[in-house]
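Trainee: Next one to model:
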Amino acid sequence: MKQAAGGSPNEQGAAESTAELATGPAAGSAADLTAESATDLAADRAVGQRLRTLRQERGLSLKAVAGLTGLSIGYLSQVERGLSSPSLRVLTRVADLLGVGLGALFGGPEAPPADGIVTRAGARAALTLWRAGITKQLLTQGDGALSLFQMQLAPLAGTGDEPLVHDGEEAGLVLEGALVLTVEDMTAELGPGDSFRFASRRPHRYRNPSPDRPALVLWVNAVPRP
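Mentor: Now for the predicted structure:
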């Protein structure tokens, strides 16, 4: 579990949201933003509801989660109610505390049953981090240690300057576009056919360097089970 470092929890939440905005896709027209806003807010509410359910299933109060993650009670409450769009960093931190992978936060009206073996192309659960410009489709089902995603990054989208650190291991394959991956002091730009693997406890971040072309990456997360 990653502990917060420096600044108040409220300042950290605001800073992470600002970083997501700064690294996200370029703003479109007012009409485009209006058309997308309802979908974006619905996605935030869905993620918040799943976080609340997972927290309550584990008998944890908001105060307990706040104390263990370094995030404020008010901010976590806003996330659970869909009033604040959480960054990937926040979601990873809370999921790590709850003992689940990011796949547990995916969902939607077409989400398949958790005990299935096959996931049809039209029945993938999805997680949209609209401020970051990142959409992940879950290609596997259940709550096992291994999750397979298809991740799309909008032009110039990414995780921000602050690295991610959490339990597990990650690997992936770039399918389309380009991906700049930084793991500790190593930075590499990957193209279609290039692959990677690293321990998730090593500080890491990634972004799409292209100003006009999305990137598509097949991504694997393996999270140790309690």
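Trainee: where does this structure have low pLDDT?
Mentor: Low-confidence segments of the chain, defined by pLDDT under 70: 1-40, 107-116, 143, 225-226.
Trainee: all helices for this protein, in order.
Mentor: Remark: helices assigned in the chain by DSSP state H are 9-23, 30-57, 62-69, 73-80, 88-98.
Trainee: what's near enough to touch the residue positioned nearest the centre of the chain?
Mentor: In the chain, the residue lying closest to the centroid (Cα atoms, centre = their mean) is residue 88, at 3.7 Å. Neighbour list for residue 88: 20, 129, 132, 134, 159, 164 [criterion: Cβ atoms under 8 Å, 6 or more residues apart in numbering]. No exception for glycine: its C-beta is placed from N, CA and C like everyone else's.
Trainee: give the contact list for residue 180.
Mentor: 158, 187, 188, 189, 190, 206, 207, 208, 209.
Trainee: and the gap between the second one and residue 173?
Mentor: From residue 187 over to residue 173 the distance is 18 Å, taken as Cβ to Cβ, to the nearest Å.
Trainee: Give the residue from these two that has the larger number of neighbours.
Mentor: Neighbours per residue, other Cβ atoms under 10 Å: of residue 187 and residue 173, the larger number sits with residue 173, 16 against 11.
Trainee: what's across from that one in the sheet?
Mentor: Note on residue 173: beta-bridge partners by DSSP bridges are residue 195, residue 218.
Trainee: now it: how far from residue 118?
Mentor: Taken as Cβ to Cβ, the span from residue 173 to residue 118 is 21 Å.
Trainee: now swap in residue 140 and tell me
Mentor: Residue 140 is 10 Å from residue 118, by Cβ to Cβ.
Trainee: Of the two, which one has the most company?
Mentor: residue 140 (19 against 8).
Trainee: give the contact list for the residue nearest to that one when sequence neighbours are not counted.
Mentor: Using Cβ to Cβ, 6 or more residues apart in numbering and skipping the chain neighbours, the partner closest in space to residue 140 is residue 148 (4.6 Å). Counting by Cβ under 8 Å, 6+ apart, residue 148 makes contact with 138, 139, 140, 218, 219, 220.
Trainee: And these, which is closest to residue 197?
Mentor: Minimum distance to residue 197 across the contacts of residue 148 is 8.5 Å, recorded for residue 220 (Cβ to Cβ).
Trainee: burial count for the closest one?
Mentor: Under the neighbour criterion other Cβ under 10 Å, residue 220 is assigned a count of 17.
Trainee: Just list the residues touching the residue lying closest to it once chain neighbours are set aside, thanks.
Mentor: Spatial nearest neighbour of residue 220, excluding adjacent residues (Cβ to Cβ, 6+ apart): residue 171 at 4.6 Å. Listed by Cβ under 8 Å, 6+ apart, the contact set of residue 171 reads 195, 196, 197, 198, 219, 220.
Trainee: got it, and residue 119?
Mentor: 112, 138, 139, 140, 141.
Trainee: which of these has the most neighbours?
Mentor: residue 138 (24 neighbours).
Trainee: Quick check, that residue in contact with residue 123.
Mentor: No - if you go by Cβ atoms under 8 Å, residue 138 and residue 123 don't touch, sitting 10.2 Å apart.
Trainee: Next, format the contacts of residue 148 as JSON lines and append distance to residue 57.
Mentor: What follows is the contacts of residue 148, written out as JSON lines (distance: Cβ to Cβ, whole Å):
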{"residue": "138", "distance to residue 57": "19"}
{"residue": "139", "distance to residue 57": "24"}
{"residue": "140", "distance to residue 57": "21"}
{"residue": "218", "distance to residue 57": "30"}
{"residue": "219", "distance to residue 57": "26"}
{"residue": "220", "distance to residue 57": "26"}
